[in-house]
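Chemist: Whatever this is, show me its structure:
(2 chains)
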Amino acid sequence: MTKKIFALTMPKWGMTMTEGTVADWLAEEGDEVNVGSDLVEIETEKISAAIEAPEQGVLKRILVKKGSVVKVASLIAVISEPSVNETDIDEFLAKFKLPDQEEISKTSEVDNTQFLDVDLHRIRVRTLGSGLDVLLIHGIGGDIGSWLFNQDFLANEFRVHAIDLPAHGESTLSLSEGSIAELGETVAKCMKQLSSNPFHLVGHSLGGSVVMEIANKFSDLVTSLSLVNPVGFTEEINREFLEIFLSASKRKEMKEALTKLFYLTENVSRTMVENSLRHNRLEGVISQLNLIVEKNFPNYIQAIDWRPLLQSFSIPVQIIWGSHDQIIPFDTKGFPENVMLKEIEKAGHMVQMEQPTKFNLLLKEYFKS
Amino acid sequence: MNEALIQEMERDKNIIIFGEDVCGGTGGSGEKDAWGGAFGVTKGILEKYGSERIFDTPITESAFIGAGIGSAMTGMRPIVEIMFVDFLGVCFDQIFNQAAKVRYMFGGMATIPLVIRTTFGAGSRSASQHSQALYSIFTHIPGLKVVVPSNPYDAKGLLIQSIRDDDPVIFLENKMLYDIEGEVPDQSYTIPFAEAHVVREGKDVLIVAIGRMVEFSIQAAEQLAHEGIQCSILDPRTLSPLDEELILDLVDECGRLVIVDESYPRCSIASDISSLVAEKAFDALKAPIIKITAPHSPVPYSPILEDTYLPSKEKIVDAVHELVS
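Modeler: Down below sits the predicted model:
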């Protein structure tokens, strides 16, 4: 019986989160819910986002009132199959134990953010969980925060590393040419330090092209590739986005740039805008990012086309893209049959942030298969 | 802040620093750089850049502020330290009639890239003449820029921005904040003026807080969150120019406004923001604006009275309760 009852708990987004506020319920008790439908809006000091239903069923109980603050991993609602009766739910609730908060904070200490020295670079890597190695590589202007809604979830079953590319996040401003070859070689050297096993590689945007480079030159390090709204498969790239993103010094301009990354404008939070401004205003960042842009998008046209290479590829490849990507419009034509193509609805360029539940399930099933 | 000064002095040879005891000890027989300013902000700079670029002045504020204006007019980029903002009273002509007017009266042909660094604020048992929060006076004067950082990250970025700005900037440091800690990047960076910082987001009440009051507001908001009341906190960071747009946007979102300002209540930044909102966002208000300020009285020397005198977490919590009840 219990298999049909699912707990919905307060998520843990990032290392410092210890509690969250139930800002609003987006469904009512008794509502039928589908996988991915929005259930509840959660707010933390840093971000706010909707949690989506992880399973199909009926929202049986709402246990935390709107406006209340509860600790990470606390039970906030119960979903079950329609047939489950109230007595079983009560029994389930009675048995549910709030995980020890000390345990939770211990795990976050263990979660192991480290800096790897690779050539002239110092690279930040955050590692969570255990199992098969997975590496998440962000796009231009991103950092490990690009995987805020993904890394913790995937870490339940895999050993998940998220990396800051050089000139991004807390890694050093040490790019000499900004080419995909330089980025790929740097990441490959990090991978060798992180594990002796091959990796499931996940690359978003520019990170997608980095992933292709690694698979091409260091194929023994790689088990599978997941390319997310990737660079390297079409000529187009949104020039306006790049120009505004790289020149924005004020909140308003940065918001205008970031809005282009999302399907819904309201998904661009103030914290996101602030974090991007904070990073870009550091002396040296913009000139490093410009190196990458000039090298990879000369005259705002993508320099690399990986499609011909895919024909002869033996490593499994899946491509995931948001239906409303304004940065790199995706064209499904011309891909060989061995490439799995997965479109996610109602998502822009930051598909992993905008539709995390669907995105996470796609990756999980793909790695398992 | 010390790092900001050094990084800028390294970048631009025209940057010089002077004021009372910014080295402290020069000319005597002991350690040359004994003080590094009354609060140690300029410590070590004498050793690094020598007495041509940093030097102590006599106790004559009007004279060395004048020297700052003159050297700025002739191509230097001086940073002048005034130990306490209270002492600027003897320099008002230099600041209000000279520094603030030169660019305007010379039709832009001359500029005054001068930074006046000074300290303010009650709480250190320093009595009425060393504890005032006089930023509102400078905000009143067109031609001056007024910066009040509330945390280490902003202090560094705003100081670098102030040094690179071509107009006179009054940079006010709350003396109770020198010991607080926070993450600060090693690299140089600037924070633009008139870009307020949303410290926290909440839908029920907006708290606009200046300088040290931001920390009190954060404590209040944390307590209120446990009661289910969500507060936004906005730190204007610069009072002139002021990010009016973001204040009005957030008033629109929250509908209730508390302003926390430790300066005197009359003709103050609190009353200025209050009038801005009453004029331009009246329809968004669900309740009257509450200003939490010092009373219209000098800062008392008695510790008990001084603590009562200042805004506090409790006063902020009470005000928010009043607004949402």
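Chemist: For the stretch 151-300 of chain B, what lies in contact range of chain A?
Modeler: The stretch 151-300 of chain B comes close to chain A at residues B:157, B:185, B:187-192, B:195, B:197-198, B:200-201, B:203, B:225-226, B:228, B:230, B:246, as judged by C-beta under 8 Å from any C-beta of the partner chain. In short, each C-beta sits where N, CA and C put it, glycine included.
Chemist: for the closest residue to A:Leu148 other than its chain neighbours, what are its contacts?
Modeler: Leaving aside its chain neighbours, A:Leu148 sits nearest to A:Trp13 (5.5 Å; criterion: C-beta to C-beta, 6 or more residues apart in numbering or on different chains). Listed by C-beta atoms under 8 Å, 6 or more residues apart in numbering or on different chains, the contact partners of A:Trp13 are A:Gly20, A:Thr44, A:Lys46, A:Ile47, A:Ala49, A:Leu148, A:Phe149, A:Asp152.
Chemist: how near is A:Trp13 to chain B?
Modeler: For A:Trp13, the distance to chain B (C-beta to the nearest C-beta, to the nearest Å) stands at 15 Å.
Chemist: Name the residue closest to the centre of chain A, please.
Modeler: A:Trp147 (2.8 Å; C-alpha atoms, centre = their mean).
Chemist: residue contacts, it?
Modeler: So A:Trp147 contacts A:Leu136, A:His138, A:Ala162, A:Gln352 (C-beta under 8 Å, 6+ apart).
Chemist: residues from the stretch 151-300 of chain A in reach of chain B?
Modeler: So far as C-beta under 8 Å from any C-beta goes, the stretch 151-300 of chain A lies against chain B at A:Leu173, A:Ser249, A:Lys250, A:Arg251, A:Arg270, A:Glu274, A:Arg278, A:Arg281, A:Leu282, A:Glu283, A:Gly284.
Chemist: And for the second one, the neighbour number?
Modeler: Applying other C-beta atoms under 10 Å in any protein chain shown, we find 14 residues neighbouring A:Ser249.
Chemist: Excluding residues flanking it in the chain, which one is nearest it?
Modeler: Nearest-residue entry for A:Ser249: B:Pro192, 5.4 Å, with adjacent residues in sequence omitted and distances by C-beta to C-beta, 6+ apart.
Chemist: Surely A:Val58 touches A:Glu86?
Modeler: No: in this structure, A:Val58 is not within contact of A:Glu86 by C-beta atoms under 8 Å, at 11.6 Å.
Chemist: Drop anything exposed from the residues of the stretch 151-300 of chain B next to chain A.
Modeler: Listed as buried from these are B:157, B:185, B:188-192, B:195, B:197-198, B:200-201, B:203, B:225, B:230, B:246; burial here means 16 or more other C-beta atoms under 10 Å in any protein chain shown.
Chemist: out of the residues you listed, which one sits closest to A:Val210?
Modeler: Nearest to A:Val210, judged by C-beta to C-beta, of those is B:Pro185 at 24.9 Å.
Chemist: With A:Glu170 as the reference, measure out to that closest one.
Modeler: 9 Å (C-beta to C-beta, to the nearest Å).
Chemist: Same check on B:Asp93?
Modeler: 49 Å.
Chemist: And for A:Ile51?
Modeler: The gap separating A:Ile51 from A:Glu170 is 28 Å, by C-beta to C-beta.
Chemist: Kindly indicate whether the closest residue to B:Cys267 other than its chain neighbours is helix, strand or coil.
Modeler: The shortest distance from B:Cys267 to any non-neighbouring residue, by C-beta to C-beta, 6+ apart, is to B:Ser136 (6.6 Å). Assigned by DSSP: H, G, I helix; E, B strand; the rest coil, the conformation of B:Ser136 is helix.
Chemist: I'd say B:Ser136 and B:Pro265 touch.
Modeler: No: contact criterion C-beta under 8 Å: B:Ser136 and B:Pro265 do not qualify, at 10.0 Å.
Chemist: got a list of contacts for the helix or strand containing B:Phe64?
Modeler: Per DSSP states H and E, B:Phe64 falls inside helix B:61-73. The contact list for helix B:61-73, computed with C-beta under 8 Å, 6+ apart, reads B:16, B:18-20, B:57-58, B:78, B:80, B:82, B:87-88, B:90-91, B:93-95, B:98-99, B:102, B:110-114, B:116, B:168.
Chemist: repeat that for 7 Å
Modeler: Here helix B:61-73 makes contact (C-beta atoms under 7 Å, 6 or more residues apart in numbering or on different chains) with B:18-19, B:57, B:78, B:80, B:82, B:87-88, B:90-91, B:94-95, B:98-99, B:102, B:110, B:112-114, B:116.
Chemist: on that earlier part again, have a look at B:Ser136 and B:Pro265 and say which one is more surrounded.
Modeler: A direct count of neighbours by other C-beta under 10 Å for B:Ser136 and B:Pro265 places B:Ser136 higher, at 22 against 16.
Chemist: dump the residue contacts of B:Phe87.
Modeler: Residues near B:Phe87 by C-beta under 7 Å, 6+ apart: B:Glu61.
Chemist: repeat that for 10 Å
Modeler: Contacts for B:Phe87 (C-beta atoms under 10 Å, 6 or more residues apart in numbering or on different chains) come out as B:Glu20, B:Ile59, B:Glu61, B:Ser62, B:Ile65, B:Thr118, B:Gln129, B:His130.
Chemist: Could you check how many residues crowd around the closest residue to the last one other than its chain neighbours?
Modeler: With sequence-adjacent residues excluded and distances taken as C-beta to C-beta, 6+ apart, B:His130 is closest to B:Phe84, at 4.9 Å. B:Phe84 is surrounded by 20 other residues when neighbours are defined as other C-beta under 10 Å.
Chemist: same check, this time on B:Ala4
Modeler: By other C-beta under 10 Å, the residues close to B:Ala4 number 22.
Chemist: and the helix or strand hosting it, what other elements does it pack with?
Modeler: In the assignment (DSSP H and E), B:Ala4 maps to helix B:2-11. On a contact count with 3 or more C-beta pairs under 10 Å, 6 or more residues apart in numbering or on different chains; DSSP states H and E, helix B:2-11 meets strand B:15-19, helix B:45-49, strand B:77-82, strand B:115-120, helix B:152-164.
Chemist: So which of these is the most surrounded?
Modeler: Among the helices and strands packed on helix B:2-11, the stretch with the highest mean neighbour count (mean count of other C-beta atoms under 10 Å in any protein chain shown) is strand B:115-120, at a mean of 26.
Chemist: chain center to that strand, what's the gap?
Modeler: Here strand B:115-120 shows a centroid-to-chain-centroid distance of 8 Å under the convention C-alpha atoms, centre = their mean, to the nearest Å.
Chemist: do the same with stretch A:257-266
Modeler: Relative to the chain's own centre, stretch A:257-266 is displaced by 16 Å; criterion: C-alpha atoms, centre = their mean.
Chemist: Give the buried residues for it.
Modeler: A:Ala257, A:Leu258, A:Thr259, A:Lys260, A:Leu261, A:Phe262, A:Tyr263.
Chemist: what about the nearest residue to A:Gly178 once chain neighbours are set aside, distance to B:Gly27?
Modeler: In space, and not counting its chain neighbours, A:Gly178 is closest to A:Leu291: 3.3 Å by C-beta to C-beta, 6+ apart. Per C-beta to C-beta, A:Leu291 is found 50 Å from B:Gly27.
Chemist: And those two? Which one has more around it.
Modeler: Between A:Leu291 and B:Gly27, counting by other C-beta under 10 Å, A:Leu291 is the more crowded of the two (17 against 9).
Chemist: which stretch of helix or strand covers the more buried one?
Modeler: Using DSSP H and E, A:Leu291 maps to helix A:285-296.
Chemist: That helix packs against which elements?
Modeler: Secondary elements touching helix A:285-296 (3+ C-beta pairs under 10 Å, 6+ apart): helix A:180-194, helix A:206-217, helix A:239-247, helix A:270-280.
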